[in-house]
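Trainee: Give the three-dimensional model of this entry:
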Amino acid sequence: MVLSHAFWQRRFNGDAAVVGATLRINAEPFTIVGVARPGFAGTEPLITDLWIGAGAIDVADPGHGDARGNRNQSSVLVLARLRAGVSRSQAADTLDVIGRRLAATYPAPTRPERVEVAAGTFFTLDPGLEPIVAVALMVVGLVLLIACGNVANLMLARAVSRQREIAVRLAIGAARARIVRQLVVEALLLSVTAGAAALLLSTWVLRALYAFGVGLLPFSWAMSLTLAPDIRVFAYTLAVAIAGGLAFGLAPALQAVSPDIVRALGDARAIGGRHVSGARLRKALVVVQVAGSMVLLAAAGLLLRGLLTAQALDLGFTTRGVVYGEFDLGAEQYSAQRASWFTEAMAGRAAAMPSVTAAAITSHVPLHGGVRRLTIRLADRPAADPIPATVTRVSPGYFDVLDIAFVAGRHLTAADAGMPVVVVSDGLARRFWPGDTALGKALVADAWRGTRVVIGVVRDAANGAIWREKEMSVYLPLDSRSALDATAMIVRSSGDPAAVRADLESAAAALDPDLRFTAASLDALLRLWLLPSRVAAASAGILALLALLLAASGLYAVLSYSVSHRLREIGIRMALGATARDVSALVLADAGRMIGGGLAIGLVAAAAAAPLLGRFLFGVSALDPLTLAIVCAVLGAVGVTAAYVPASRAARLAPLSVLRVE
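Mentor: Coordinates of the predicted model:
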């Protein structure tokens, strides 16, 4: 046996003499041959580990056996270190050849199906989290783009105000490259300073959000995360700051050094009644800001609609009032006879509780991890296509607890224990016997001893992830031989779930004080499934509102700046008979073109980005017309409101005073 460094420190106080000593597991002696160094330096380990030989697994974990000789194992994890010069793709090709040879040597149904090679790291991203990360990166990136667009507009305005200074420097021989370099350095100093402030602020905010988020979890879980920034975070922040400074500081710098020197020295603001320096670029930046806001608002709206849909999702069963308790009899070295006694006694005590209306024992709680699957075939047509289905062992009362309705047939009873019977889901029945009854038909599976006769058909119900389609399912009666498969008790109660949880834990402790029994409500488990959607919707909503505010302020700034540089044009128009309404319409039309262009681009971008949200939409179309229409209306209304102030200011101008000043 090899001890982890944490176990060595806690149990033996770091005594090196422990190597060679004996440590007993389940009364069996194991010789300590070494201590492994800590894997995460500087962190407090949450778990202390022991490593033993694979051949001794059955001693330390009775009933599970050595996976190396078990042909029914669904998967095997192998850790290996590649030789120097060998790539992961080369290793994958070699293992693929080995897998094909094994498949030919060991034919169906237990032949290897595929060999996957992944990077050996503890920080691999779970595939289920990839959409969340993609959405987060998209949202944060768009907000950064919109904010940089605003900064670029301010830099452009500043550059225009300095055109006379820059023109003088160019006229006396200053190199354009030197001036561009100065302006870019100014932009970089601004972005790096802002990045440092943002890093400090984000650290504080992240700690507050972490504490708040842990409080929202439906279960009392302990998590330990290191939130202090390290060199990688500093490097990433610095890279983003420099990239943003260069990308949005270079264009204003180039714009500033390209004026007509004579015109700039004469009048840097008005050329033919209209200011042209940087106007197109500023408007293009506003269009980009509006488009980015459109994407964020569309994402937030779709996520919100998806969350509302998920809360009303038909799971095929009812979670309200259902409490479940988890236990593992195999880990406690229960015999089959003792396991049968415990499950029967626990079911009896739970059913006797005043607020409990139904109770059952099961091998799997819906929406919980550890879904078991089998390949099911027709007994009278073994050559027909097999169907993968989830398999759950249940005691009588299971379907009453979860309120799963029967389509045909009858419930499982105590007399069915040990009998070759099965209850199937409606989807499986329709797949195997379309247009015919499933009752009385026989099914087979590799893990079954003989055939099983269908005695009932129930509604399709979710077993795994709620964003999956309801899988086809089979339900087997729980008997004395399979009592060790039982991992949970489920009850339906009309009382307070917290009180029911406490009563169940007390009942389990009375039967076996050493058994680890933890209870929770099925509603809490459902809330846990919905938590990522809630977080995604809330985060996208907050950032979308921030982006909307930035886009509106950008539009307001550009229009105000444009009006201030079109005073001569507006004064001449009003002197020639233009009304205040005409002037307002002129400014609003300018705003409308920018808003319309942004909405058009944003709709296309939102349609392209919508598939990233697929897992969180729960049946809502990624191109939901109602959501997109509302977002367009909101964004248009905010844009018009932002444009109204500059438009009304332009309409109130006195033409004589403007022309006198000009």
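
Trainee: Please parse this protein into its domains.
Mentor: 2-70, 76-119, 138-312+528-661, 322-522 (automatic domain parsing).

Trainee: can you give me the end-to-end distance of the last one?
Mentor: Read that as domain 322-522. Chord length of domain 322-522, first to last residue, is 6 Å (Cα to Cα, to the nearest Å).

Trainee: average pLDDT for it?
Mentor: Average pLDDT, domain 322-522: 86.

Trainee: what do you get for the third one?
Mentor: pLDDT averaged over domain 138-312+528-661 equals 79, rounded to a whole number.

Trainee: Show me where the stretch 301-450 of the chain has its helices.
Mentor: Secondary structure of the stretch 301-450 of the chain (DSSP state H, counting those that start in this stretch): helices located at 336-351, 398-402, 426-432.

Trainee: do the same with the stretch 451-600 of the chain
Mentor: Under DSSP H, counting those that start in this stretch, the stretch 451-600 of the chain gives helices at 497-511, 522-564, 567-575, 580-609.

Trainee: Relative to residue 231, which of the ones you listed is closest?
Mentor: Of all the helices of the stretch 451-600 of the chain, helix 522-564 sits nearest to residue 231, with 26.6 Å by Cβ to Cβ. Using the backbone N, CA and C atoms, a C-beta is placed for each residue, glycine as well.

Trainee: how far off helix 567-575 does that closest one point, in degrees?
Mentor: Orientation check (axes from the mean of the first three to the mean of the last three Cα atoms, to 10 degrees): helix 522-564 against helix 567-575 gives 80 degrees.

Trainee: Mind giving me the packing neighbours of helix 522-564?
Mentor: helix 130-161, helix 279-311, strand 322-326, helix 580-609, helix 614-617, helix 625-651 (3 or more Cβ pairs under 8 Å, 6 or more residues apart in numbering; DSSP states H and E).

Trainee: right, and these - which one's nearest residue 448?
Mentor: Per Cβ to Cβ, nearest to residue 448 of these: strand 322-326, 26.0 Å.

Trainee: My read is that residue 389 contacts residue 372, right?
Mentor: No: contact between residue 389 and residue 372 fails when scored by Cβ atoms under 8 Å: they sit 9.8 Å apart.

Trainee: is it true that residue 23 lies in a strand?
Mentor: Yes: assessed with DSSP: H, G, I helix; E, B strand; the rest coil, residue 23 lies in a strand.

Trainee: for it, what are its contacts?
Mentor: Residues in contact with residue 23, defined by Cβ atoms under 8 Å, 6 or more residues apart in numbering, are 1, 29-30, 32, 50.

Trainee: Could you pick out the buried ones from those residues?
Mentor: Among those, the ones that count as buried by 16 or more other Cβ atoms under 10 Å are 1, 30, 32.

Trainee: Tell me the one of those nearest residue 80?
Mentor: Using Cβ to Cβ, these come closest to residue 80 at residue 1, 21.8 Å.

Trainee: Would you convert the helices of the stretch 301-450 of the chain into CSV that also reports distance to residue 438 and mean neighbour count?
Mentor: Putting those into CSV (distance: least, Cβ to Cβ, whole Å; neighbours: other Cβ atoms under 10 Å) gives the following:
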stretch, distance to residue 438, mean neighbour count
helix 336-351, 28, 18
helix 398-402, 16, 22
helix 426-432, 4, 20
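
Trainee: Pipe those into a markdown table and attach distance to residue 612 per row.
Mentor: Formatted as a markdown table, the helices of the stretch 301-450 of the chain follow (distance: least, Cβ to Cβ, whole Å):
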| stretch | distance to residue 612 |
| --- | --- |
| helix 336-351 | 44 |
| helix 398-402 | 33 |
| helix 426-432 | 29 |
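
Trainee: Narrow the contacts of residue 23 to those in helices?
Mentor: For those, membership in helices holds for none, with DSSP state H as the criterion.

Trainee: ok now stretch 558-569, how far from the chain's centre?
Mentor: 46 Å (Cα atoms, centre = their mean, to the nearest Å).

Trainee: try stretch 98-107
Mentor: Using Cα atoms, centre = their mean, the offset of stretch 98-107 from its chain centre is 37 Å.

Trainee: Return it as PDB; C-alpha atoms alone will do.
Mentor: Listed in PDB are the C-alpha atoms of stretch 98-107, where the atom choice follows Å, rounded to 0.1, in the frame of the first residue of the first chain:
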ATOM      1  CA  ILE A  98      -5.500  -2.900 -30.100                       C
ATOM      2  CA  GLY A  99      -9.200  -2.200 -29.500                       C
ATOM      3  CA  ARG A 100     -10.100  -3.600 -32.900                       C
ATOM      4  CA  ARG A 101      -8.100  -6.800 -32.200                       C
ATOM      5  CA  LEU A 102      -9.800  -7.200 -28.800                       C
ATOM      6  CA  ALA A 103     -13.200  -6.600 -30.400                       C
ATOM      7  CA  ALA A 104     -12.400  -9.500 -32.900                       C
ATOM      8  CA  THR A 105     -11.200 -11.700 -30.100                       C
ATOM      9  CA  TYR A 106     -14.200 -11.000 -27.700                       C
ATOM     10  CA  PRO A 107     -17.300 -10.700 -29.900                       C
END
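
Trainee: Buried residues, the helix or strand where residue 232 lies. List them.
Mentor: Per DSSP states H and E: residue 232 is located in helix 231-256. Under the neighbour-count criterion of 16+ other Cβ under 10 Å, helix 231-256 has 237, 241, 244-245, 248-253, 255-256 buried.

Trainee: and it, what other elements does it pack with?
Mentor: Right, helix 231-256 is packed against helix 130-161, helix 176-216, helix 279-311 by 3+ Cβ pairs under 8 Å, 6+ apart.

Trainee: Let me know which of those helices is tucked in deepest.
Mentor: helix 279-311 (a mean of 23; mean count of other Cβ atoms under 10 Å).

Trainee: Relative to the whole chain's centre, how far out is that one?
Mentor: Worked out by Cα atoms, centre = their mean, helix 279-311 lies 19 Å from the chain centre.

Trainee: Remind me what that helix packs against, helices and strands.
Mentor: Helices and strands touching helix 279-311, by 3+ Cβ pairs under 8 Å, 6+ apart, are helix 130-161, helix 231-256, helix 522-564, helix 580-609, helix 614-617, helix 625-651.

Trainee: tell me which residues of the last one are tucked away?
Mentor: Of the residues in helix 625-651, those buried under the neighbour-count criterion (16+ other Cβ under 10 Å) are 627-628, 631-632, 634-636, 638-640, 642-644, 646-647, 649-651.

Trainee: What number of residues are in the vicinity of residue 102?
Mentor: Neighbour count of residue 102, defined by other Cβ atoms under 10 Å: 12.

Trainee: in which helix or strand would I find it?
Mentor: Using DSSP H and E, residue 102 maps to helix 88-105.

Trainee: Go through stretch 25-35 and flag the buried ones.
Mentor: Neighbour-count burial for stretch 25-35, counted by 16+ other Cβ under 10 Å, picks out 30, 32, 35.

Trainee: from memory the first one sits against residue 24, does it?
Mentor: Yes: because the distance of 7.1 Å satisfies Cβ under 8 Å, residue 30 is recorded as touching residue 24.
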